[in-house]
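**Student:** Need the 3D shape of this:
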Amino acid sequence: MPPPTPAPRSPGPALELLVHGVGGTTPQEMLADPRTVRVTGDTTAAIYRRSADIDAEQHPERYREKPIAEAYCWSNLTSGNGSRALWLLLLPFMVINLAHWMRPTARRRPRAVRLYGVLVRLIALSLTVLLTAAACEVALDLTAWQCAGVAACSDKRSWLGFLSAEQGGWWSQPGRRLALAALVPTALVGLLWFLSNRTWSAYESQRPLTEADPEDMGDDGPAPTAHPVRPALGRPGFWYGRRLVARLRAAHTAAGFLTVTAAVTEAGARHDRAVPGPVAPLLGRLIEGALAVGLLVVLWVVCRRGRSERRLDNRLDRAVITWLPGAALALLVLAAVHAAWPRPGWTSSGRLPGDTTLFRAVSVAEGILVVLLAAISLYLYRCCPEPRTVLRGLGGPAVAMLACALGGVMTGGVAQRVADWLDGPGSPGMGRSALIAGPPVLLSWQASVIPALLLLLLVPGAVLGVRTWLAARRLEAVVDAEYGEPFPDPARTQRIARIRATAALTDSAPGMVGIVSGATLFLGAGAVAGSWATGEVPGLALDGSGPFVESVAEAAQSTGSWLIGFGFLVFVACGRRAYRDASARRTIGILWDVGTFWPRAAHPFAPPCYAERAVPDLASRMSGWTGRTRGRLVISGHSQGSVLAASAVWQLPARTRSRVALLTYGSPIERLYARWFPAYFGAGQLHGLHRSVHCWRNLWRATDPIGGEIRLGEDSGPEVDRGPLKDPLVYGRTPEHPLPEPVLGHSDYQADPVFAEERAALLERLAPVLPQQAEPVGEDVRAVPGGPPDTAE
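**Tutor:** Predicted structure coming up:
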């Protein structure tokens, strides 16, 4: 029988919505026209058209051969004004937030899912305490307690004269010095609260456009219902984390104030209990008791609930977000008054009491929490194994360990450098030559393991280098066969093969992350044990162990101290350069493009999630344009823009998705997101997206280190992937290409003729416009057997 006559295609308008990738670009470059007009949006993120296309819908006859082009520019969300460069100092907070979303796929395991989220939020809380403790270490311990209390140190710092114990002034008493120095960490916590509150108002509080949709909001894969189950990224409240971020911000702010309170109170309370004086020891015990109660309240707020995604949750826990930080700040003021009360004969010596205990408790707690997180991740992975998942489900714990390591580097770096600066020619903690006792010995032990970690990484680094070289040699024959050049140029062939082999290194990243995280965990445990057992820095703890061991210990301590300080200085230098240089700011913005895609579900002080603005923007534009014109639409996303495009399509109602085609190129959806975030971009979710959207094509190159295949297979319907595309387009000189073509890698996919070919094919495959059918009434799809819990931990 002859094939059926195809249905007539829609003569209506067609729109191509372009979404750029990491690093950003201008609308003029995206639209290849210097004359562009902003259609909708603001200076932060907006949609642009060519000036000639501003009234395109009124003249469809002009666009029968090509779609109307629009460009969505969102680069200012991550690399806007100079203050964004300061986000670099929030890197540990951003990394721990990523760990929250790396949970393995879980079906019907709501308690384990919630426990995973609780553990990540507790690790995030420990990072806030660690950052505040670092500020307390610098301001209270090293400066106010140690240097100001030693004449040989304070005499060299004229700005410390009014605090010097030798001067005998009003501020010379230890408690008053501590109370004054507490302004520094208190201001830091207040600044973090202010930045989080401001970005919360600009990002999390932006209500997305809502529209009724008969689909259920499921989680992992299809459910046995008449409608396909929409995954987590399609839930109405997924990109609206207003309530949770407000709760976490209050809890972390209170935790910071309580950390400062503990640093201010402990020295005076111990002195009052040891030496009878004008201040009753009971007052110190009451403050310590209030500290314990405050800590329990903070833990309760952090652990009580996670995200609510099934609906737009507009409620705010007013009592928590108002009274908890306020009460913690009031307790801090009371502690400062208690510390500043006159205590005749009180002097400061050694390290600040309680300082070592705090750092040790935070390090031990982080190690235990990471181990528990690894156990929960393995349990979830074994319950629902997903072959694409990195490290067999341990990606989240590994990244959480890296966040703790970054926090330790920043904490130890600033403490070590400030101690060296205050001590002058001496080495803090090294005995008679040192003017001050220096930071807690745990920080010195942690710095000492950094050289060992770097030496350990040389082995897998060398293995990767040799493997890449061998792969490049094997690819040379493949390149020659692919282009069929009768007289190939060895240098040209080697360069193309080398770029392809280097691009494949991205797939080796999980193994390197696992090695670094595992080594960091074991070396960190050894550092805690060594500091606890000896109570001295490694250079003194190993005295008498033989010349070789002593020299190795001293070399590791000094080298690690400088390395950890150098790492912190690199952070500061990069932030300073990015603050002044827009191009450098855009380079750092690339890091945020990948790291801040996810909502702030673990740490409220992390850089804000730009997708909470970008995804509703794109979904609103697609829904509004197709509803108004009944036309066809292709959303075209490059690199990280393809992730935004897919997330926006998930947010669309089913009837809108039927008029939308998805074109992705250089996309990390499978290569990065499906492997590292399997609960949200796993195989079930991507198959569901392919079935729900009208048509989808993905272009990729073997020379691209970021983009790759989607790998859905033939069972999911029409093929999605096309590639690998030739890169370069031609091998040598041709009449059409008289000059050598570059290897494009991750950029300029639109320069390939395949791009225009696939875009035209998608528009051709889109269904014709049909009269809108009434939605079924009275159908209840709220209850799905085995559906996920309301909170997506």
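
**Student:** Tell me where the protein has strands.
**Tutor:** If DSSP state E is used as the criterion, the strands of the chain fall at 14-19, 36-41, 46-50, 68-73, 632-638, 660-665, 695-701, 721-725.

**Student:** and residue 322, what does it touch?
**Tutor:** Contacts for residue 322 (C-beta atoms under 8 Å, 6 or more residues apart in numbering) come out as residue 250. Heads up, the C-betas are built off the backbone N, CA and C, glycines and all.

**Student:** separation between it and residue 329?
**Tutor:** Residue 322 is 12 Å from residue 329, where distance means C-beta to C-beta, to the nearest Å.

**Student:** what number of residues lie near residue 129?
**Tutor:** Using other C-beta atoms under 10 Å, residue 129 has 24 neighbouring residues.

**Student:** and what of residue 57?
**Tutor:** By other C-beta under 10 Å, the residues close to residue 57 number 16.

**Student:** Distance of it relative to residue 134?
**Tutor:** 57 Å.

**Student:** Next: residue 147.
**Tutor:** Distance from residue 147 to residue 134, by C-beta to C-beta: 17 Å.

**Student:** ok, for residue 21, nearest residue in space, not its chain neighbours?
**Tutor:** If the residues on either side of it in the chain are set aside, residue 21 comes closest to residue 639, at 2.5 Å by C-beta to C-beta, 6 or more residues apart in numbering.

**Student:** which residues does that neighbour contact?
**Tutor:** Neighbours of residue 639 in contact, by C-beta under 8 Å, 6+ apart: 20-22, 666-668, 706-707, 746.

**Student:** Which of those residues sits closest to residue 694?
**Tutor:** residue 667 (18.1 Å; C-beta to C-beta).

**Student:** Run a quick check on the closest one versus residue 710, I expect a contact.
**Tutor:** Yes: in this structure, residue 667 is within contact of residue 710 by C-beta atoms under 8 Å, at 7.3 Å.

**Student:** which residues do the two both contact?
**Tutor:** Shared contacts of residue 667 and residue 710 (C-beta under 8 Å, 6+ apart): residue 698.

**Student:** between the two, which one's more packed in?
**Tutor:** residue 667 (32 against 26).

**Student:** Tell me who's in contact with that one.
**Tutor:** 637-639, 642-643, 698, 700, 707-708, 710.

**Student:** Counting neighbours, what do you get for the residue nearest to it when sequence neighbours are not counted?
**Tutor:** Counting by C-beta to C-beta, 6+ apart, residue 642 is the residue found nearest to residue 667 once chain neighbours are left out, at 3.8 Å. By the measure other C-beta under 10 Å, the count of residues near residue 642 is 27.

**Student:** what's the answer for residue 764, then?
**Tutor:** Using other C-beta under 10 Å, residue 764 is surrounded by 12 other residues.

**Student:** Same check on residue 198?
**Tutor:** 11.

**Student:** again, but for residue 157
**Tutor:** Neighbours around residue 157, by other C-beta under 10 Å: 16.

**Student:** Distance check, it against residue 187.
**Tutor:** Counting by C-beta to C-beta - residue 157 and residue 187 are separated by 20 Å.

**Student:** One more: residue 671?
**Tutor:** Residue 671 is 43 Å from residue 187, where distance means C-beta to C-beta.

**Student:** Give me the more crowded residue out of these two.
**Tutor:** Shown here are residue 671 and residue 187; by other C-beta under 10 Å, residue 671 has more neighbours (22 against 12).

**Student:** contacting residues around that one?
**Tutor:** 506-507, 706-709.

**Student:** Would you reformat the residues you listed as JSON lines and include distance to residue 455, pLDDT and neighbour count?
**Tutor:** Below are the contacts of residue 671 laid out as JSON lines (distance: C-beta to C-beta, whole Å; pLDDT from 0 to 100; neighbours: other C-beta atoms under 10 Å):
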{"residue": "506", "distance to residue 455": "25", "pLDDT": "89", "neighbour count": "16"}
{"residue": "507", "distance to residue 455": "25", "pLDDT": "90", "neighbour count": "13"}
{"residue": "706", "distance to residue 455": "30", "pLDDT": "90", "neighbour count": "19"}
{"residue": "707", "distance to residue 455": "34", "pLDDT": "90", "neighbour count": "29"}
{"residue": "708", "distance to residue 455": "33", "pLDDT": "91", "neighbour count": "26"}
{"residue": "709", "distance to residue 455": "37", "pLDDT": "93", "neighbour count": "16"}
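
**Student:** Take those and write them to TSV, including distance to residue 691.
**Tutor:** Shown next, in TSV, are those (distance: C-beta to C-beta, whole Å):
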residue	distance to residue 691
506	28
507	27
706	26
707	23
708	21
709	18
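
**Student:** among those, which are in helices?
**Tutor:** The members of the contacts of residue 671 all map outside helices under DSSP state H.

**Student:** Nearest to residue 594, out of these: which one, please.
**Tutor:** So of the contacts of residue 671, ranked by how close each gets to residue 594 (C-beta to C-beta), first place is residue 706, at 9.2 Å.

**Student:** Just confirm that closest one contacts residue 670, I think it does.
**Tutor:** No: using C-beta under 8 Å, residue 706 is not in contact with residue 670; the gap is 11.4 Å.

**Student:** Now residue 384: closest residue in space that isn't a chain neighbour?
**Tutor:** Nearest residue to residue 384 in three dimensions, chain neighbours excluded: residue 105, at 4.8 Å (C-beta to C-beta, 6+ apart).
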